[in-house]
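J.: pasting the structure only:
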C-alpha cells in the first residue's frame, strides 16, 4: 500500500530538479517569459504532443531529440509570449538554437534538451533576447525555483498552476511534481497546453511513457475551455531516479496514481483559469453503449457554446444538454435518457421536471458544478470531462489578443 500526500515545491519538489523563471524581453509587459527546468543528471523522459497538424517548430525538435536520445532529457527550456508556430524554416532554426543555448548553459547534450514555446502564432522568436536570457536563467536555477518557472510559462493564465505529491511505499519514498499553463485554445484531444511532470523515482522510458499517457487520458485530455487544440500543446515527464526508489511493474499503479493526482490538479487549474471562466463544470456521461461513445458525448456537451452560455447565465436549460448528447454521434435513446444538474433530475424517461428549475438555477450560481447526462442505452460506460462557462470576457480577451 502507498500513502500519497500533497507537498509544496511544484516542479522542483522531487530531488535533483532545479528551475528558474525570469523576464528576458519577449513580453512587452515586462512579465516573466523564460522558464528553465533542469535535472542534475540526465533523466528518462517521455512526451505527448498535439494532434493539430499545424504543429509548432519546438514540438518537432522535441520529437527529434527524444528519438535521438532514446528517451532521455536533462533540461526543458520554455518561452512564453511567442508560440514559434507557423514560422517556416526560420522557426525550426530558432527552436534548434534555443535548445542548443540551453544545453550549453547547463552543460548538457542538446539531444537531451526539450524546448517549448507558447503565445502568439505566426511570429518569429526574438533570438537576441533568448541569447542573453538563457544564460541568466541557467545562473538563476535553484531547488526552490519551481514557482518562478510556473509563472514564466503563463500567457493569459490568471494564476500559475503547480502541484506536487510525496509517495510513501514499502521500499521508500519518492515525489512527483508538476506545473502547467493554459487558459485559451484548450480542447481535449491529446495534450492541450504545456504540462510538465517530474519525479525522483527511477522509471524506465517505456513505463514512463505509459504512465504519462494513462494519467493524461483522465486529466489533461479530459478538459476543455473552448474546443481549440493548440499548435504547441505538449506534456513532458522526466524521471531522474534521485530518490533511489525503482518503479517495478508491481509499483506501476502507485506511480500512475501519483501522476494522475498531480495532473488532475494541474488540469482542473487550467479550466478554472480558462479565459473568461467563472465556473468549473464536471460533465459526466453515463449509460453509454461504449467507452468511445461516453467520451464522444461528454466532449460534445462540454464544448457546446449553448450549454456553456446557459451555465454562465445560471439557466438550467436541460434541453440543450439533451440536444448536445443526441447530436454527438454517440448511441442515444431519448426515452431512457436522464439529465441531472447537481442532485436535481430535470429530465428522465422522456418527461421534464421543470418544477425543479428554480432550485437548479440556484445551484448554478455556484462556482464548482456537476452535471450528469445518461444516454439511455442501458450501457455501463462512463466518462467525465471538465469544462467552464462561456462568458463575454472570453470574447473580449480573444477579440483583442493580438492588439
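T.: Right, received. Where do you want to start? Keep in mind that this is a model prediction, so the values were computed, not measured. Numbering: from 1, shown residues only.
J.: got the contact list for the spatially closest residue to residue 387 that is not a sequence neighbour?
T.: Closest residue to residue 387 apart from its sequence neighbours, by C-beta to C-beta, 6 or more residues apart in numbering: residue 302 at 3.8 Å. To be clear about C-beta, it is placed using only N, CA and C from the backbone, and glycine gets the same treatment. Residues counted as contacts of residue 302 (C-beta atoms under 8 Å, 6 or more residues apart in numbering) are 224, 281, 283, 385, 386, 387.
J.: any idea which of those is least confident?
T.: Minimum pLDDT across the contacts of residue 302 is recorded for residue 224, with 82.
J.: how close does that residue get to residue 305?
T.: 12 Å (C-beta to C-beta, to the nearest Å).
J.: Who has more neighbours out of those two?
T.: More neighbours surround residue 224 than the other of residue 224 and residue 305, with 27 against 12 (other C-beta atoms under 10 Å).
J.: tally of neighbours for the closest residue to residue 306 other than its chain neighbours?
T.: Counting by C-beta to C-beta, 6+ apart, residue 306 lies nearest to residue 320, which is 4.6 Å off, once chain neighbours are set aside. Counted with other C-beta under 10 Å, the neighbours of residue 320 add up to 20.
J.: How much space separates residue 320 from residue 130?
T.: 46 Å.
J.: What of residue 141?
T.: In terms of C-beta to C-beta, residue 141 sits 16 Å off from residue 130.
J.: try residue 155
T.: Counting by C-beta to C-beta - residue 155 and residue 130 are separated by 17 Å.
J.: Over to residue 35?
T.: For residue 35, the distance to residue 130 equals 12 Å [C-beta to C-beta].
J.: Where do the helices of this structure begin and end?
T.: 57-69, 88-106, 127-139, 146-152, 205-217, 252-272, 291-303, 305-312, 318-326, 357-363, 392-399 (DSSP state H).
J.: Just put the ones you listed in a markdown table and tack on distance to residue 174 and mean pLDDT.
T.: What follows is these, written out as a markdown table (distance: least, C-beta to C-beta, whole Å; pLDDT from 0 to 100):
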| stretch | distance to residue 174 | mean pLDDT |
| --- | --- | --- |
| helix 57-69 | 23 | 96 |
| helix 88-106 | 23 | 97 |
| helix 127-139 | 26 | 98 |
| helix 146-152 | 17 | 97 |
| helix 205-217 | 13 | 94 |
| helix 252-272 | 8 | 94 |
| helix 291-303 | 31 | 95 |
| helix 305-312 | 39 | 94 |
| helix 318-326 | 42 | 94 |
| helix 357-363 | 41 | 96 |
| helix 392-399 | 39 | 81 |
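J.: Would you point to the one among these that's packed deepest?
T.: helix 146-152 (a mean of 26; mean count of other C-beta atoms under 10 Å).
J.: which other residues reach it?
T.: Around helix 146-152, the neighbours that count as contacts under C-beta under 8 Å, 6+ apart are 9-13, 19-23, 32-37, 78, 80, 140, 160-162, 164, 177, 179, 181.
J.: Double-check residue 357 against residue 345; I have them as touching.
T.: No: using C-beta atoms under 8 Å, residue 357 is not in contact with residue 345, being 11.9 Å away.
J.: and residue 310, how far is that from residue 390?
T.: Distance from residue 310 to residue 390, by C-beta to C-beta: 9 Å.
J.: cool, residue 135 as well?
T.: Distance from residue 135 to residue 390, by C-beta to C-beta: 43 Å.
J.: go on, residue 8?
T.: 34 Å.
J.: Out of those two, name the residue with the larger neighbour count.
T.: Neighbour count, other C-beta under 10 Å: between residue 8 and residue 390, residue 390 has more, with 27 against 13.
J.: Number of residues surrounding residue 350?
T.: Neighbourhood size, residue 350 [other C-beta under 10 Å]: 11.
J.: Read off the pLDDT value for it.
T.: 87.
J.: Also residue 189?
T.: pLDDT, residue 189: 56.
J.: ditto for residue 183
T.: Model confidence at residue 183 (pLDDT) stands at 66.
J.: angle of the longest strand anywhere in the chain against helix 57-69?
T.: Ranked by residue count and defined by DSSP state E, the top strand of the chain is strand 34-49. Here strand 34-49 points in a direction 70 degrees away from that of helix 57-69 (axes from the mean of the first three to the mean of the last three C-alpha atoms, to 10 degrees).
J.: shift numbering so it begins at 17
T.: With 17 as the first residue, the last one maps to strand 50-65.
J.: Which parts of strand 50-65 count as buried, going by neighbours?
T.: Neighbour counts over strand 50-65 (16 or more other C-beta atoms under 10 Å) mark 50-55, 58-65 as buried.
J.: what's the answer for stretch 239-259, then?
T.: 239-243, 245-259.
J.: contacting residues for the residue lying farthest from the centre of the chain?
T.: In the chain, the residue that sits farthest from the middle, by C-alpha atoms, centre = their mean, is residue 371; the gap is 38.9 Å. Residue 371 makes no contacts at all, as judged by C-beta under 8 Å, 6+ apart.
J.: quick revisit: return every residue with contacts to both of residue 51 and residue 146.
T.: residue 95.
J.: residues touching residue 319, list them.
T.: Contacts of residue 319 (C-beta under 8 Å, 6+ apart): 203, 240, 242, 243, 403.
J.: likewise residue 211?
T.: 194, 195, 196, 198, 232, 236, 250, 251, 252, 279, 282, 283.
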